[in-house]
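Engineer: Please find the sequence and the predicted model below.
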Amino acid sequence: MPICTACQGGGVQHLTVREDGKPERVTDIPCVWCHGSGEVTQEVLEELKTYKTMWCQCGNPSGDFNFYDDGQHSGCPYRIHKHHYHCADCLKITQIG
């Protein structure tokens, strides 16, 4: 099976946790894509490629966004069913949930 590109085969994802009034911290969890195995199916690998390209990289210079509520379809090719925000500049996702 192919190596998981989300964790580079290590089976672990590093998350940065930011909470108001608390210092930033990093925590490790089993990779949500490969469930800690370091390997994925070809289908999951293809989904990962799409996932990595859906996020805004432009920095949202206008500061404007479009909000889509739970179950609302934004017309984007990503299968997002949770409420989410799209950058008004590049139309990619800035936040889910």
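Structural biologist: Structure's in. What do you need? Numbering: from 1, shown residues only.

Engineer: Domain-wise, how is this structure divided?
Structural biologist: The record, using automatic domain parsing to delimit domains, assigns the chain the ranges 1-53, 54-97.

Engineer: Output those in a markdown table, with mean pLDDT and mean neighbour count appended to each entry.
Structural biologist: For the C-beta atoms, the positions are set from N, CA and C on the backbone; glycine is no exception. Listed next are these as a markdown table, based on pLDDT from 0 to 100; neighbours: other Cβ atoms under 10 Å:
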| stretch | mean pLDDT | mean neighbour count |
| --- | --- | --- |
| domain 1-53 | 92 | 13 |
| domain 54-97 | 83 | 14 |
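
Engineer: Give me the contacts around stretch 44-62.
Structural biologist: Contacts with stretch 44-62, where a contact means Cβ atoms under 8 Å, 6 or more residues apart in numbering, come from 2, 4-6, 33-34, 40, 76-78, 86-90, 92-94.

Engineer: how about 6 Å then?
Structural biologist: With Cβ atoms under 6 Å, 6 or more residues apart in numbering as the test, stretch 44-62 has contacts from P2, T5, A6, Y78, C87, A88, D89, C90, K92, I93, T94.

Engineer: same deal with stretch 2-14?
Structural biologist: Here stretch 2-14 makes contact (Cβ under 6 Å, 6+ apart) with V26, D28, I29, C31, W33, C34, G36, G38, V40, L45, L48.

Engineer: ok, now with 7 Å
Structural biologist: Stretch 2-14 has contacts (Cβ atoms under 7 Å, 6 or more residues apart in numbering) with 26, 28-34, 36-40, 42, 45, 48.

Engineer: mind checking the SS state of the residue located most distally from the centre of the chain?
Structural biologist: Residue farthest from the centre of the chain, counting by Cα atoms, centre = their mean, is G21 at 24.8 Å. Put simply, G21 is coil when judged by DSSP: H, G, I helix; E, B strand; the rest coil.

Engineer: in the protein, which spans are strands?
Structural biologist: 12-17, 25-30, 65-68, 84-87, 93-96 (DSSP state E).

Engineer: Any chance of the ones you listed in TSV with distance to C58 as columns?
Structural biologist: Output for those, formatted as TSV (distance: least, Cβ to Cβ, whole Å):
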stretch	distance to C58
strand 12-17	21
strand 25-30	26
strand 65-68	12
strand 84-87	6
strand 93-96	10
